[in-house]
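Colleague: Need a 3D model of the following:
(one chain, ligands or ions: 1)
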Amino acid sequence: MQISSNVLDLPSFNFYKMKVFNTREEVLTFINDAKKKSKTIGYVPTMGALHQGHASLIKQSISQNSITFVSVFVNPTQFDNASDLDKYPRTLENDIELIKQIDSNIIIFAPTSKELYQGNITSKNYSFDGLEHEMEGKHRAGHFDGVGTVLDLFFTLIKPTIAYFGEKDFQQLQIVKKLVSKYKLGVNIIGCEIFREASGLAMSSRNKRLSPSARKEAAFINKTLLEAKKQFGTKSAIKVEEWVTKQFAKNKQFKLEYVSIANIKTLKPVKRKSKKQQYRIFIAAFIDNIRLIDNIALN
Ligand code: AMP
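Modeller: Purely as a prediction, here's the structure:
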């Protein structure tokens, strides 16, 4: 049984076989040893409040690597809104329990901001060749600089063979692929399908903040996306976006932030459809002041 000393502050965790690291030093020592033994390292970055969507990424990593690292870290530099950062659910004890039920050999890294950023909690500036200016980038100032900065820190420390990201944050997935290729970070990036609740609502840590009635109503997002997909077979992208906008205007519980039908490579809105290109439809909307995002493939 090996447990980092900081974890011993949490009495109920003493019996866990799994390792929970809080410091960069612990990770470095462990990784250097694993690399000497030629172990492959799978890595799943998360902000915690884990659910079955996260679990699906972790399971894929376990099936493809000898070691799996999961980071649990609410990254302050990717939030443009202090209240959103403040209200983001933090449930480390439950997260450890959920991970333990998947496999007790997973390594959790849950540093403080000061520890990870070594006291300098600021973003670097990145260019992702324009991907960062679409959708989320338009509505969350500095978000992708924060994502790039924190992943650069984690990748450099953990040196994963493969890192796993959900298509739930499809723009982030494309930006991470760009980050790795452009800045030569030497990590393979794998995108994983969106895991949904039975109602079709995409699983999200933010769903925990929804009231029971809002959670039920939130299935409206996925229902609208699926209907939009049907319409995309015969209508132009603009017509479908207009139809989606109207559906949200009629639903008084929601406030639509954006709907975009975009090319999956450039993330730019579709002007004219081409059979050779692949498209997805993306939505960000507020319900109960909680911001939810979702997307599906159209062709
Ligand atoms: P987060 O903790 O929200 O930053 O998410 C951590 C990782 O899990 C990201 O790569 C997300 O895209 C992914 N993820 C979150 N929700 C889901 C979901 N419902 N299905 C699949 N992946 C997800």
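
Colleague: Please compute how far the lowest-mean-pLDDT helix or strand in the chain lies from its chain's middle.
Modeller: Least confident helix or strand, the chain: helix 82-87 with a mean of 94, by mean pLDDT, DSSP states H and E. Mean-position distance between helix 82-87 and its chain equals 17 Å (C-alpha atoms, centre = their mean, to the nearest Å).

Colleague: Restrict it to CA atoms and write it as PDB.
Modeller: The C-alpha trace of helix 82-87 is given here as PDB (Å, rounded to 0.1, in the frame of the first residue of the first chain):
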ATOM      1  CA  ALA A  82     -14.900  34.400 -11.000                       C
ATOM      2  CA  SER A  83     -18.300  33.200  -9.800                       C
ATOM      3  CA  ASP A  84     -18.300  30.200 -12.300                       C
ATOM      4  CA  LEU A  85     -14.900  29.300 -10.900                       C
ATOM      5  CA  ASP A  86     -16.100  29.700  -7.300                       C
ATOM      6  CA  LYS A  87     -19.200  27.600  -7.900                       C
END
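
Colleague: does the ligand sit close to that helix?
Modeller: No: using C-beta under 6 Å from any ligand atom, helix 82-87 never reaches the ligand; the gap is at least 12.5 Å. For glycine as for every other residue, the C-beta is placed from the backbone atoms N, C-alpha and C.

Colleague: just checking, what packs against the very next helix or strand once past that helix?
Modeller: Per DSSP states H and E, the first helix or strand lying C-terminal to helix 82-87 is helix 92-102. Here helix 92-102 touches helix 52-64, strand 67-72, strand 107-109, going by 3 or more C-beta pairs under 8 Å, 6 or more residues apart in numbering; DSSP states H and E.

Colleague: so which of the ones you listed comes closest to the ligand?
Modeller: helix 52-64 (2.5 Å; C-beta to the nearest ligand atom).

Colleague: Could you tell me the angle between the closest one and strand 67-72?
Modeller: Inter-element angle recorded for helix 52-64 and strand 67-72: 160 degrees (by axes from the mean of the first three to the mean of the last three C-alpha atoms, to 10 degrees).

Colleague: Provide the contact partners of helix 52-64 at residue level.
Modeller: Identification of contacts with helix 52-64 by C-beta atoms under 8 Å, 6 or more residues apart in numbering yields 40, 42-44, 46, 68, 70, 98-99, 102-103, 106, 162, 164-166, 168, 190, 192-195, 202-204.

Colleague: Please repeat the previous calculation with a cut-off of 6 Å.
Modeller: 42, 44, 46, 68, 102-103, 164, 192, 195, 203 (C-beta atoms under 6 Å, 6 or more residues apart in numbering).

Colleague: if we can go back for a sec, dump the helices and strands packed on helix 92-102 to JSON lines, plus mean pLDDT and distance to E227.
Modeller: Formatted as JSON lines, the helices and strands packed on helix 92-102 follow (pLDDT from 0 to 100; distance: least, C-beta to C-beta, whole Å):
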{"stretch": "helix 52-64", "mean pLDDT": "98", "distance to E227": "23"}
{"stretch": "strand 67-72", "mean pLDDT": "97", "distance to E227": "36"}
{"stretch": "strand 107-109", "mean pLDDT": "98", "distance to E227": "40"}
